[in-house]
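In: Okay, sequence plus prediction incoming.
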Amino acid sequence: MSHPTPHPVRLADEITRQLGQLADHLSQLPPPQAAQVIARVLDPDTGVLGGVTHLVATGSVFAKDQAERGALPAEVWLALGHASNELGDITLDLDEHKDTLQRVGAQPATPAAKPPAPAPLVVRRRR
């Protein structure tokens, strides 16, 4: 006899499926709507990225407890803690741009007479 899938596992699967759908929709949206969606996803308090960061941090606490009991290798806890810290840093970095995305998302979707000049891209590497 097979065991039914527990509710939290089904919830994780459903969230993953919906994130895929959101990414598919995002690629099809006009720029103002796409900017609105991205701004909401990046919101550190109520957005997807903040939620994932919190989830990984919670997983790290769980892994620490299990590592202390010997049920998980300490490397699992360390990896989740590292991921949690990195996601927290990324969330803070991206939060700086949320207002700009919201502003772009609030603009009407009218075709411009002259397309805006492309901005030079600068890549920063974090260490």
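Out: Alright, I've got the coordinates.

In: who touches the strand or helix carrying Glu86?
Out: Here Glu86 sits within helix 74-95, counting by DSSP states H and E. Helix 74-95 has contacts (Cβ atoms under 8 Å, 6 or more residues apart in numbering) with 42-44, 49-50, 52-53, 56-57, 59-60, 63-64, 66-67, 126. Placement of C-beta: from N, CA and C, glycine included.

In: same thing with stretch 15-32?
Out: 34, 37-38, 41, 48, 104-109.

In: let's see 7 Å
Out: Contacting residues not belonging to stretch 15-32 are listed as 34, 37, 104-105, 107, 109 [Cβ atoms under 7 Å, 6 or more residues apart in numbering].

In: Filter these down to just the ones in helices.
Out: Counting by DSSP state H, those place 34, 37, 104-105 in helices.

In: Now do the buried residues in the helix or strand of the chain at the bottom of the mean pLDDT ranking.
Out: Counting by mean pLDDT, DSSP states H and E, the chain has its least confident helix or strand at helix 98-106, which shows a mean of 87. Buried residues in helix 98-106, counted by 16 or more other Cβ atoms under 10 Å: 98, 101-102, 105.
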